[in-house]
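Peer 1: Predicted model and sequence follow; I will ask about them next.
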Amino acid sequence: MESNMNKKNKPISPSTDIWVALDLEATGLDKNKDDIIEVGAVKFKGNETLDTFNTLVNTDLQLSDFIIQLTGINQKEVDEAPKWESIAPKLSKFVGDSGIICHNTKFDLEFLETANLSFDNPVCDTWDMAYVLLPSESKYSLQALAERFNANHKSPHRALSDAIATQHVFQKLLKIAKQLDYETLNEMLRLSNRSNWVLGDLLNGLSIESEFSKAKNPANKNPRRTISALGIDEEALNKRLTTLSPLNPKDGYPLELSEIEEILSLNGPLSKTLSAFEVRDEQIEMATAVAEAINSSSRLTVEAGTGVGKSLAYLIPGAIYALSHNKTVVISTNTINLQEQLLKNDVPKLHKALEKMNIDSQEDLKCTLLKGRSNYLCLERTARLHSAENLNDDEARMLAKIMIWLKNTKTGDREELNLGYQTARAPWNKLSSETALKCMHSGRPCFLKSARQRAEGSHLIITNHALVLSDMVMGGGLLPEYDVLIMDEAHHLEEEATKHLGFEISNRMIRDHLESISGNETSICNIFPRTFLTIQLNENIREKLFELTQLTTKSIEITNLLFNDLSEFARSNSQQSQYSSKNSPFAKQIRLRVIDTLRKSQGWIETLNTWDILNTIFITIRKNLGDLEEYIHTKEQSDLPNIETLSESINNALNFHQTLSDSLNSFLSNPDTNGIYWINKLTEESEIYLNMAPLNVSKTLEENLFSKKSSVIMTGATISTNGNFDHFRNNTGFDRSKELILGSPFDYKTSAALFLPNDISDPNQPTYQSEIENAIFEASVTAEGKTMALFTSYQSLRNAYKNLQPRFQAENINVIAQRPGDSPDSMRREFLKVPKSVLLGTSSFWEGVDLPGDHLKVLIITRLPFHVPTDPIHSAREEQYENSFMDYSIPLSIIKLRQGLGRLIRTESDKGIAIILDSRLTKRRYGTQFLNSLPEMTQIQSSLSTMSDHIYYWTK
Ligand code: SF4
């Protein structure tokens with residue numbers, strides 16, 4: 001095994017040398033502003049604990065409520081604790097020259113360094129170890145790992161308890177690391193040697209300990225059977241990658257409506273296979289309507305309320321049609337949740353029903369989940385990054401993780417990986433199949449190819465709207481040929497199409513692109529001569545490279561000029577919108593819609609002149625890149641090392657260059673009449689975004705998607721507004737379709753109440769926020785948790801959390817408040833796990849969150865969900881209507897409200913109460929439109945003082 005000579009520390013044995021697991025508590029996360037308030041450390045060797053160190057630390061800073069609640073440490077305790085100056089030497093002595101283990105070394109060691117205590121000891125990070133060794137683990141927090149390994153962790157967020165847990169987690173992870181084969185361990189060490197990855201010390205120590213394993217793991221692999229240095233046995237991987245033969249379409253028979261009906265009827269095949277089966281008339285009606293639409297090659301829009309069982313209502317006719325014609329039916333959803341539910345819950349039921357009918361067995365109906373290419377690992381790109389001379393820490397860590405994952409994965413789908421926090425996940429973009437070009441080694445294993453091959457041999461492809469739309473934009477190629485499309489969660493179609501048919505570019509994107517041509521270590525102009533080192537580059541090519549370097553430098557200068565002008569133009573033509581405070585995700589920003597009148601102004605004309613100059617240079621850059629690419633191919637130098645990397649880089653640069661040029665041209669000088677253009681800039685950031693979205697997506701969808709399919713079925717639980725599909729039809733262009741609205745089979749009148757307080761202030765009144773906070777508190781106490789409050793703004797949510805948190809604490813109620821970037825799924829899990837919980841959520845909780853049964857009893861909607869008035873897309877679309885508020889804003893808001901309310905009753909046995917704290921629902925005329933669109937719950941209009949009684953009645 002390679003030795004770790006370039007590391008500064010002498011090798012330390014993970015098993016036989018002394019280590020110190022260390023943890024700090026601090027007043028906050030900022031090492032420059034916050035102070036250490038507690039230190040905990042455990043000294044150990046192997047499995048033997050030698051000593052512990054624990055002390056609180058005096059600080060002049062006041063502890064925040066959050067820290068007091070998180071740690072349980074109070075102000076008096078730290079006030080009475082010794083000063084850091086007296087603690088530091090003792091800690092230094094305790095640690096000595098032992099190896100240091102922390103769960104997130106960066107936090108602890110940087111805090112210590114800022115407090116003038118630096119260590120030069122070998123270091124190990126248990127977060128890093130878990131990230132690599134447990135590639136699919138759902139959580140890498142110390143608490144979660146301690147739980148996983150049954151480690152002793154009595155007081156999370158107390159330093160000594162955390163240090164002890166870190167020690168135990170380390171010992172467990174070390175056992176896993178020791179089971180790695182020699183080759184993998186050796187490759188991981190190589191990765192650490194080419195970076196500053198923190199696990200270098202541990203791997204170096206393991207390398208010495210595992211000398212013995214050489215004998216057990218002889219490095220005798222045939223290199224031709226492995227993918228570069230990844231150590232993958234191609235044969236074994238190829239066996240794991242299942243493929244299907246392409247379907248051979250045949251003339252089938254039309255769907256028998258009576259047969260479809262029978263499957264879903266009493267004593268039908270489904271009733272014989274599902275224990276909890278119930279006949280739903282709405283489900284039968286929907287399934288036969290889907291079958292009719294397929295038979296008659298026509299369109300159908302069907303809204304099915306909660307509990308109809310719409311998935312099986314389209315899966316059954318879709319599957320029978322696909323089987324009898326040996327064709328593919330594409331089923332598209334907006335969310336991964338629904339895709340998973342279809343695959344895990346509904347497709348198995350479908351299989352069973354078809355088996356009972358003797359028309360299917362697992363062997364016959366093939367069903368595949370297909371995702372966009374960015375979801376699949378590209379083995380070639382991974383191998384290329386793996387062989388790079390220098391790696392950053394995130395890359396080394398990710399590559400090591402992937403090497404372990406590759407031993408088992410059958411799909412190469414990133415969904416199986418926990419990619420961790422934002423920067424940790426960044427290298428994925430360099431490894432995914434997204435921008436991979438033609439593979440130079442055809443016949444070798446490829447996850448993307450295998451997923452597509454499986455799709456080509458599948459009767460049902462479950463995918464997302466994004467892939468269907470990308471396939472449409474590219475004119476095919478991403479999905480196999482298909483003529484029946486079923487879109488579930490269809491109310492997202494317009495929004496998704498808007499994203500796909502528009503663009504967003506920024507000055508940083510352009511600068512990064514130009515620097516990838518010339519300007520950094522890995523740029524084309526740098527790699528090109530290095531790749532051709534062994535052969536003479538001709539004069540012409542050398543000149544091209546020189547010229548490219550000069551042109552990119554010039555382009556960066558002009559881009560800066562152009563975007564400065566655009567920023568100034570936006571600033572002087574817009575009013576700053578300040579939706580919320582500094583820390584909000586919607587921090588102060590300048591957002592200017594570039595409308596025709598502005599394009600005629602002097603300021604705009606000046607930016608056009610700058611763009612003309614930049615565009616001329618861009619054209620020459622494109623030409624030079626094209627010449628370089630041609631040179632590679634005409635010389636047929638495919639044997640040169642790294643030629644694939646170079647070829648891929650040039651191709652990617654050329655494609656992106658074209659996209660940027662087209663987008664800038666469209667934004668600045670040649671706007672599309674169907675385009676909405678706007679400049680966006682957060683005032684505290686230097687990045688300036690130029691955005692375009694289509695005003696209307698219906699023509700494109702009709703011409704390029706709907707009209708190309710024989711049958712298209714749109715479905716979802718919230719497509720209609722005020723009892724019709726006018727809004728959906730107008731916005732998506734999905735017309736000439738049979739339309740069907742099927743209510744929920746649940747008895748909403750007896751299972752749910754809608755409480756509308758008649759004495760709450762208007763949302764614009766200053767007292768409103770405190771009134772909703774009081775209502776949330778009272779409702780949650782009455783229901784003993786089991787409450788979710790949905791907000792329309794982070795600002796209001798944050799204020800509510802701040803004011804309510806101590807009150808909830810006094811009542812022993814757990815409050816879970818969403819922050820930007822929080823994972824809704826982990827919040828949901830916490831809500832389900834802790835019985836007396838209140839969840840305060842915003843956007844992502846309005847739909848797709850399932851909290852069935854007794855977990856959710858009270859649903860509070862704080863405010864009607866109207867869209868942000870200054871949103872450029874909405875404001876441009878509103879202008880298309882004579883009465884935009886009634887015909888555009890209200891329908892959008894109704895759909896969102898229906899989605900929100902849909903969280904309350906998920907199963908037939910659910911019971912609960914919804915409370916809408918927005919008086920506009922009862923006091924404004926348009927309120928009736930909202931109320932007419934909601935399920936028929938028992939409606940109660942009364943004063944807030946009666947709310948608790950009603951909650952008690954509907955929740956007990
Ligand atoms: S075929 Fe393409 S995506 Fe697949 S491994 Fe090769 S380069 Fe990557």
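Peer 2: Yes, it's here.
Peer 1: got the contact list for the closest residue to residue 304 other than its chain neighbours?
Peer 2: Nearest residue to residue 304 in three dimensions, chain neighbours excluded: residue 310, at 3.9 Å (Cβ to Cβ, 6 or more residues apart in numbering). (Glycine included, C-beta is placed from N, CA and C.) By Cβ atoms under 8 Å, 6 or more residues apart in numbering, residue 310 lies in contact with 283, 286, 302, 304, 488, 715, 717.
Peer 1: from memory residue 417 sits against residue 405, does it?
Peer 2: Yes. Counting by Cβ atoms under 8 Å, residue 417 touches residue 405, with 6.1 Å between them.
Peer 1: joint contacts of the two?
Peer 2: 135-136.
Peer 1: Need the phi and psi values for the residue nearest to residue 304.
Peer 2: According to degrees, to the nearest 10, the main-chain angles of residue 310 amount to phi -70, psi -30.
Peer 1: The closest residue to residue 138 other than its chain neighbours in helix, strand or coil?
Peer 2: In space, and not counting its chain neighbours, residue 138 is closest to residue 418: 6.1 Å by Cβ to Cβ, 6+ apart. Under DSSP: H, G, I helix; E, B strand; the rest coil, the three-state class of residue 418 is coil.
Peer 1: Please identify the helix or strand for residue 284.
Peer 2: Element membership for residue 284 (DSSP states H and E) is helix 281-295.
Peer 1: Can you name the next helix or strand after that helix?
Peer 2: Next element after helix 281-295 (DSSP H and E): strand 299-304.
Peer 1: Check the offset of the very next helix or strand once past that following strand from the chain's centre.
Peer 2: Next in sequence after strand 299-304, counting helices and strands by DSSP H and E, comes helix 310-325. Mean-position distance between helix 310-325 and its chain equals 30 Å (Cα atoms, centre = their mean, to the nearest Å).
Peer 1: go on, stretch 868-888?
Peer 2: For stretch 868-888, the distance to the chain centre is 29 Å (Cα atoms, centre = their mean).
Peer 1: List the buried residues in that stretch.
Peer 2: Neighbour-count burial for stretch 868-888 flags 872-878, 888 (criterion: 16 or more other Cβ atoms under 10 Å).
Peer 1: Repeat that for stretch 277-297.
Peer 2: 277, 280, 282-295.
Peer 1: what about residue 460, how many residues close to it?
Peer 2: Applying other Cβ atoms under 10 Å, we find 24 residues neighbouring residue 460.
Peer 1: Please report how far it lies from the ligand.
Peer 2: 24 Å (Cβ to the nearest ligand atom, to the nearest Å).
Peer 1: isn't residue 87 right up against residue 53?
Peer 2: No. Between residue 87 and residue 53 there is no contact under Cβ under 8 Å: 9.4 Å.
Peer 1: Get me the contact residues on this protein for the ligand.
Peer 2: Residues of the chain found near the ligand (Cβ under 6 Å from any ligand atom) are 378-381, 433, 436, 439, 446, 448-449.
Peer 1: one step back: would you turn the contacts of residue 310 into CSV with distance to residue 792?
Peer 2: Below are those laid out as CSV (distance: Cβ to Cβ, whole Å):
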residue, distance to residue 792
283, 34
286, 32
302, 29
304, 27
488, 26
715, 27
717, 21
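Peer 1: Now render these as CSV, adding pLDDT.
Peer 2: Listed next are the contacts of residue 310 as CSV, based on pLDDT from 0 to 100:
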residue, pLDDT
283, 97
286, 98
302, 98
304, 96
488, 97
715, 98
717, 93
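Peer 1: of those residues, buried ones?
Peer 2: Buried among these by 16+ other Cβ under 10 Å: 283, 286, 302, 304, 488, 715, 717.
Peer 1: you'd agree the last one is up against residue 306?
Peer 2: So the one you mean is residue 717. Yes. Using Cβ under 8 Å, residue 717 makes contact with residue 306 at a distance of 6.1 Å.
Peer 1: would residue 612 count as being in a strand?
Peer 2: No. Read with three-state DSSP, residue 612 is helix and lies in no strand.
Peer 1: Look up how far the ligand lies from it.
Peer 2: 38 Å.
Peer 1: now residue 118
Peer 2: Relative to the ligand, and taking Cβ to the nearest ligand atom, residue 118 is found at 44 Å.
Peer 1: So which residues of the stretch 501-650 of the chain form helices?
Peer 2: Residue ranges of the helices in the stretch 501-650 of the chain, as given by DSSP state H, counting those that start in this stretch, are 507-517, 524-531, 539-573, 596-599, 602-634, 643-668.
Peer 1: how far is stretch 657-672 from where the chain is centred?
Peer 2: The answer for stretch 657-672 is 28 Å, by Cα atoms, centre = their mean.
Peer 1: which parts of stretch 488-500 are buried?
Peer 2: Result for stretch 488-500 [16+ other Cβ under 10 Å]: buried residues 488-494, 496-498, 500.
Peer 1: For the residues you listed, could you give me JSON lines that also reports distance to residue 69 and secondary structure?
Peer 2: Below are these laid out as JSON lines (distance: Cβ to Cβ, whole Å; DSSP: H, G, I helix; E, B strand; the rest coil):
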{"residue": "488", "distance to residue 69": "42", "secondary structure": "coil"}
{"residue": "489", "distance to residue 69": "38", "secondary structure": "coil"}
{"residue": "490", "distance to residue 69": "43", "secondary structure": "helix"}
{"residue": "491", "distance to residue 69": "39", "secondary structure": "helix"}
{"residue": "492", "distance to residue 69": "38", "secondary structure": "helix"}
{"residue": "493", "distance to residue 69": "44", "secondary structure": "helix"}
{"residue": "494", "distance to residue 69": "43", "secondary structure": "helix"}
{"residue": "496", "distance to residue 69": "40", "secondary structure": "helix"}
{"residue": "497", "distance to residue 69": "45", "secondary structure": "helix"}
{"residue": "498", "distance to residue 69": "42", "secondary structure": "helix"}
{"residue": "500", "distance to residue 69": "44", "secondary structure": "helix"}
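Peer 1: which two in the residues you listed are spaced the farthest apart?
Peer 2: 488 and 498 (18.9 Å; Cβ to Cβ).
Peer 1: The nearest residue to residue 426 once chain neighbours are set aside: helix or strand, and which one exactly?
Peer 2: Spatial nearest neighbour of residue 426, excluding adjacent residues (Cβ to Cβ, 6+ apart): residue 394 at 5.8 Å. Using DSSP H and E, residue 394 sits in helix 393-405.
Peer 1: And for residue 800?
Peer 2: Assigned by DSSP H and E, residue 800 falls in helix 794-810.
Peer 1: helix or strand right after that helix?
Peer 2: Using DSSP H and E, the first helix or strand after helix 794-810 is strand 814-817.
Peer 1: Please compute how far the helix or strand hosting residue 928 lies from its chain's middle.
Peer 2: Counting by DSSP H and E, the element that carries residue 928 is helix 927-933. Here the centre of helix 927-933 is set off from its chain's centre by 34 Å, with Cα atoms, centre = their mean.
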